[in-house]
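Asker: need a 3D model of the following:
(one chain, ligands or ions: 2)
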Amino acid sequence: MATVHPEHDLNCLTLEELEAHARTMMDKQTRDYYNEGSDSNTTLRENTTAYSKYRIRPRVLRDVSRIDSSVPLFGHINSVPLGVAPTAMQRLAHSDGELGTARACKKAKVAMGLSSFATQSLEEVAEASEGNPNVLQLYLFEEREHSRKLIQRAKKAGFKAVFLTVDTPFLGRRNMEIRNQFKLPSHLKVKNFAEEESPVPPEAVDGEGDSGKREGMRPKMQRKASRAGYTEGNRRVPPSGPITFHSHAPNPTLCWERDIGWLKQECGPEMEVWLKGIATGEDALLAVHHGVDGIVVSNHGGRQLNGAMATIDALPEVVEAVQGKIPVHVDGGIRHGTDVFKALALGADFVWVGRPALWGLAYKGQAGVELMLKLLTDEIRLCMSLAGTTSVKEISKEYLVKMDNSGFVSKL
Ligand SMILES: Cc1cc2nc3c(=O)[nH]c(=O)nc-3n(C[C@H](O)[C@H](O)[C@H](O)COP(=O)(O)O)c2cc1C
Ligand SMILES: CC(C)CC(=O)C(=O)O
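Answerer: Ligands and ions are numbered 1, 2, ... in the order given. Below is the predicted model of the structure:
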């Protein structure tokens, strides 16, 4: 007699299957925008494949009948050491959009990062989260007033922290996005910026089209960028006109001395300030020096500097530099519970997943994100028990070995 597993979606038992279903459910522009990395996608690929050089050393004959996979985060208990990373424009995937993600995170008791460039407002997301902790991802604009308003709103709505994205002085070159002439469909809006902040000028800079600070732009794009007020000969001027992600998200002027202090002051005691996009021990030390509350080792899901290290390879030097002074999180390429275990064993306190939530949304809206979180939660808990660990704090590098190219295994 066949075993019945009523709690499973038999069409979708892994994130790989979820990705495959999602592919068939998104239009080409959305699929390409979500899934691609920058340039030739080397870093995008290595973010996932780099995990396979680590293998787990399981311990046995320990009572693993009770597993506690929870961790504290922002004064709450997170059910697993995993959250949903901020990704822009989630209503492209499904009309549930960011509200669907927020409700799924609330149900699974995991934190959610909300992109500044969300298609539902931060207040709506806070309401849907019903007290589940959220983080606002911030692109700190050159026009500070917009950012100041956003920070104040996040504070009022109860967001626990701001994740300042620091790996986007310019946007990476995403070729499919350029080829598809990516454009936010007219029924969707970036909802965190009021209409009066995004007046559409007569030339209409074709929505989210080509209007921005992307290195290697074609001449036509350059003309549009300059119409949007970005360059005047050799003199740089801050972008003006409608707030689009191409024009406003990247900010090449950001720097340690001026901007981190400003942000800490704006966030006050109510919201923590974290840096998202740290990839070296040197910058991790500077982050500690500048008094931030935590860092996320990230390369933006392989969408920024192609050829940068996979995040799991950058993690150990960051952990070594920080010496436990502030929490270290990591994202990029995490697709299995065993990846989460490996990241924790290498010293991360917590991990975030980006694209898997978008695939979940595309598959079945909120229910698809719930499914994705359930798959990963089950895998994390199973991995912990099969490795002989009953709580997250037990997971250490004693549980890992590293293989070199010739298959030689060494303890860490
Ligand atoms: C479609 C897409 C949109 C993203 N939007 C943002 C964003 O608005 N802000 C940000 O800091 N990171 C953004 N990211 C990066 C994610 O926060 C995260 O670093 C990355 O997705 C992790 O890699 P993973 O997708 O392999 O899990 C985006 C990533 C993707 C794939
Ligand atoms: C608003 C954006 C620049 C979104 C983003 O970070 C991305 O597409 O990688």
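Asker: and the gap between residue 406 and residue 51?
Answerer: Using C-beta to C-beta, to the nearest Å, residue 406 is found at 19 Å from residue 51. Heads up, the C-betas are built off the backbone N, CA and C, glycines and all.
Asker: whoops, residue 350 was the one
Answerer: The spacing between residue 350 and residue 51, counted by C-beta to C-beta, is 16 Å.
Asker: so which of the two has more stuff around it?
Answerer: Taking neighbours as other C-beta atoms under 10 Å, residue 350 and residue 51 compare with residue 350 leading, 25 against 22.
Asker: so what's the more buried one bridging to?
Answerer: Counting by DSSP bridges, residue 350 is bridged to residue 329.
Asker: I'd guessed it sits against residue 82; true?
Answerer: Yes - assessed by C-beta atoms under 8 Å, residue 350 is found in contact with residue 82 at 7.1 Å.
Asker: contacting residues for residue 385?
Answerer: Residue 385 sits next to 64, 67 when contact means C-beta atoms under 8 Å, 6 or more residues apart in numbering.
Asker: that one in helix, strand or coil?
Answerer: Secondary structure, DSSP: H, G, I helix; E, B strand; the rest coil: residue 385 is helix.
Asker: look up how far ligand 1 lies from it.
Answerer: In this view, residue 385 and ligand 1 are 25 Å apart by C-beta to the nearest ligand atom, to the nearest Å.
Asker: now residue 264
Answerer: According to C-beta to the nearest ligand atom, residue 264 and ligand 1 sit 19 Å apart.
Asker: and if you look at residue 136?
Answerer: With the distance defined as C-beta to the nearest ligand atom, residue 136 ends up 10 Å from ligand 1.
Asker: secondary structure element holding that residue?
Answerer: Element membership for residue 136 (DSSP states H and E) is strand 134-138.
Asker: please apply the same query to residue 22.
Answerer: Assigning secondary structure by DSSP H and E places residue 22 in helix 15-25.
Asker: which residues does the residue positioned nearest the centre of the chain contact?
Answerer: When C-alpha atoms, centre = their mean is applied to the chain, the residue found nearest the centroid is residue 85 (3.3 Å). Each residue near residue 85 by C-beta under 8 Å, 6+ apart is listed here: 113, 298, 301, 331, 352-354, 357.
Asker: from the residues you listed, list the ones also adjacent to ligand 1.
Answerer: When these are checked against ligand 1 using C-beta under 6 Å from any ligand atom, the ones in range are 298, 301, 331, 353-354.
Asker: quick one: which of those is nearest ligand 2?
Answerer: residue 301 (6.9 Å; C-beta to the nearest ligand atom).
Asker: my guess is the closest one meets residue 37, correct?
Answerer: Yes - under the contact definition of C-beta under 8 Å, residue 301 touches residue 37, with a separation of 6.9 Å.
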